[in-house]
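S.K.: Show me the folded form of this:
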Amino acid sequence: MRVETTLLDVASDDSVSKGIHEVLDKTGGRLDVVVNNAGYYALGPLEETTPDELRAQLETNVIGVHRVTRAVLPAMRAQGSGRIIVLGSISGRVAVPMVGPYHASKWALEGMIEAWRLELIPFGIHVSLIEPGPYDTSLYANEKLAVATAAAGEGGAYGPLMAAYRRQSARLKRERDFGPLLDVIERAATVANPKLRWMVGPTSFSGGRLRAFVPDRLYEWIMRLGFPIRRLPPPSSDGS
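M.R.: This next block holds a predicted model:
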């Protein structure tokens with residue numbers, strides 16, 4: 001089986017337009033399935049995340065999905081069918097400290113994709129959101145730490161929280177068997193009536209199902225067990 005690919009930058013209107021046109025030229029204008037998988041992992045306390053850093057996270061993880069999907073919809077509407085599959089994350093269902101930028105992008109996808117699913121039903125286009133737990137990919141190895149956080153290091157105001165996050169992350173089980181994830185993507189692309197959300201992988205059940213039934217105060221208490229989340233005394237008048 002021969003697979004052809006085209007270069008495409010989801011953060012560029014011109015690149016997306018050029019890439020989609022290249023594909024449609026080779027398929028005679030037909031496009032049955034699009035899988036949105038581009039994304040990266042921005043890390044750091046929200047206070048130390050600049051607007052530009054947050055904007056870049058959303059540009060790739062959210063607006064990139066919007067940009068690519070918009071580009072393919074005219075062809076799918078013309079043929080009266082199609083599948084839009086988006087790789088979200090269980091991080092769009094739960095939140096932990098130090099991952100606010102990434103959570104913001106994945107929570108945004110939840111709302112955008114659900115709305116898009118409803119809008120595209122009349123055109124015979126199915127939209128699905130895959131919500132994987134943590135997998136052993138280059139996502140974490142290529143994380144982007146907020147510049148201010150990197151500069152402050154352990155001595156910064158959020159040093160203890162960041163250290164706790166690193167410890168929790170190191171203990172986190174990351175699945176190496178991608179078979180179930182690929183099976184879910186295939187099912188979303190081929191079953192007659194694909195559902196909106198597909199959870200798969202580690203913590204997908206606890207994050208996707210149980211969190212909905214856990215009161216916010218209880219969830220906050222659970223987070224306090226793993227992170228040094230406590231009230232700090234105000235700084236003294238001499239700034240010490």
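S.K.: List the buried residues in the longest helix along the chain.
M.R.: Ordering each helix of the chain by length in residues (DSSP state H) puts helix 100-120 first. Under the neighbour-count criterion of 16 or more other CB atoms under 10 Å, helix 100-120 has 100-110, 112-113, 116-117, 120 buried. The C-beta positions use only the backbone N, C-alpha and C, and glycine is treated the same way.
S.K.: And it, what does it pack against?
M.R.: Applying 3 or more CB pairs under 8 Å, 6 or more residues apart in numbering; DSSP states H and E, we find helix 100-120 packed against strand 42-43, helix 51-58, helix 64-79, strand 82-87, strand 125-132.
S.K.: and of the buried residues of helix 100-120, the nearest to R83?
M.R.: L120 (10.2 Å; CB to CB).
S.K.: Would you agree the closest one is in contact with L73?
M.R.: Yes. Between L120 and L73 there is a contact under CB atoms under 8 Å: 7.5 Å.
S.K.: Can you dump the C-alpha atoms of the worst-scoring helix or strand of the chain on mean pLDDT in CSV for me?
M.R.: Using mean pLDDT, DSSP states H and E, helix 204-208 stands out as the lowest-scoring helix or strand of the chain, at a mean of 78. What follows is helix 204-208, C-alpha atoms only, in CSV (Å, rounded to 0.1, in the frame of the first residue of the first chain):
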residue,chain,number,x,y,z
SER,A,204,-9.5,7.9,30.4
PHE,A,205,-12.2,6.3,32.6
SER,A,206,-11.3,8.2,35.8
GLY,A,207,-10.8,11.4,34.0
GLY,A,208,-13.6,11.2,31.5
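S.K.: Contacts made by the following helix or strand past it with the rest, please.
M.R.: The C-terminal neighbour of helix 204-208 among helices and strands, as given by DSSP states H and E, is helix 216-226. Counting by CB atoms under 8 Å, 6 or more residues apart in numbering, helix 216-226 makes contact with V94, V96, P97, A164, Q168, R211, V214, I229, R230, all of which sit outside it.
S.K.: Kindly give a single PyMOL line that selects the buried subset of those residues.
M.R.: Per 16+ other CB under 10 Å, the buried members of the contacts of helix 216-226 correspond to this PyMOL selection:
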select buried, resi 94+96+97+164
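S.K.: how about a markdown table for the contacts of helix 216-226, with pLDDT and distance to V3 added?
M.R.: A markdown table is the format used below for these (pLDDT from 0 to 100; distance: CB to CB, whole Å):
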| residue | pLDDT | distance to V3 |
| --- | --- | --- |
| V94 | 92 | 35 |
| V96 | 93 | 37 |
| P97 | 94 | 41 |
| A164 | 91 | 43 |
| Q168 | 88 | 38 |
| R211 | 84 | 37 |
| V214 | 90 | 43 |
| I229 | 71 | 47 |
| R230 | 69 | 53 |
